[in-house]
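*Asks:* Model the following, please.
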Amino acid sequence: MDEPLRPVGDRWALRFERRFAHPPEKVWRAITEPEHLSRWYPFPATELDPRVGGTIRFSDGESAELQAEITEFLPPKVFAFREYDEETGTHELRIELHPDDDGCRMVFTHTFADKTWAAQTETGWMHCLDALTRALDESV
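*Replies:* The predicted structure is shown next:
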């Protein structure tokens, strides 16, 4: 299996591939509709304006708030957005869906600046993608 961490210019990218036994349209709903996105993403999504330039708001309902800008939105193929965190800087996330027999293959890429966060981030995404698999298998 390929190493998920790769250099991309002066930044780093974690790249994961997952195959789902669900059609791209179902996976698309799980990654772009706030109520479904909140079931697997690290922060609950409270709002999502589905268009390039649209905003995604994440909030834990208490003190943590995060905002992202949608940079690509091509249903049901590509969903990408950019987050900014004061502690860790700019993060770019890109999700591609590719039809694959009776399901689809997802390519999930997270690009960031500080390599020291890579191992922790990789572990976190593995848990999140496992949660996405469970959410898809349960319904959506």
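*Asks:* hey, let's count contacts and neighbours off CA atoms from now on
*Replies:* OK.
*Asks:* Let me see the mean pLDDT of the longest helix out of those in the chain.
*Replies:* The single longest helix within the chain, with elements called by DSSP state H, is helix 118-138. In this model, helix 118-138 carries a mean pLDDT of 95.
*Asks:* Can you name every helix or strand that that helix contacts?
*Replies:* When contacts are defined as 3 or more C-alpha pairs under 8 Å, 6 or more residues apart in numbering; DSSP states H and E, helix 118-138 packs onto strand 11-20, helix 24-32.
*Asks:* Output the ones you listed in a markdown table; the columns should cover distance to Arg94.
*Replies:* Formatted as a markdown table, the helices and strands packed on helix 118-138 follow (distance: least, C-alpha to C-alpha, whole Å):
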| stretch | distance to Arg94 |
| --- | --- |
| strand 11-20 | 9 |
| helix 24-32 | 11 |
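*Asks:* re earlier: for the longest helix of the chain, list the C-alpha coordinates in PDB.
*Replies:* Extracted in PDB, the C-alpha atoms of helix 118-138 (Å, rounded to 0.1, in the frame of the first residue of the first chain):
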ATOM      1  CA  ALA A 118       0.700  14.500   9.700                       C
ATOM      2  CA  ALA A 119       0.600  11.400  11.900                       C
ATOM      3  CA  GLN A 120      -2.100  12.800  14.200                       C
ATOM      4  CA  THR A 121      -4.100  14.000  11.200                       C
ATOM      5  CA  GLU A 122      -3.700  10.700   9.400                       C
ATOM      6  CA  THR A 123      -5.100   8.800  12.400                       C
ATOM      7  CA  GLY A 124      -8.000  11.200  12.700                       C
ATOM      8  CA  TRP A 125      -9.000  10.900   9.100                       C
ATOM      9  CA  MET A 126      -8.800   7.100   9.300                       C
ATOM     10  CA  HIS A 127     -11.400   7.200  12.200                       C
ATOM     11  CA  CYS A 128     -13.500   9.700  10.200                       C
ATOM     12  CA  LEU A 129     -13.500   7.600   7.100                       C
ATOM     13  CA  ASP A 130     -14.500   4.600   9.100                       C
ATOM     14  CA  ALA A 131     -17.400   6.600  10.500                       C
ATOM     15  CA  LEU A 132     -18.400   7.600   7.000                       C
ATOM     16  CA  THR A 133     -18.400   3.900   6.000                       C
ATOM     17  CA  ARG A 134     -20.700   3.100   9.000                       C
ATOM     18  CA  ALA A 135     -23.000   6.000   8.200                       C
ATOM     19  CA  LEU A 136     -23.300   4.900   4.600                       C
ATOM     20  CA  ASP A 137     -24.000   1.300   5.600                       C
ATOM     21  CA  GLU A 138     -26.600   2.400   8.100                       C
END
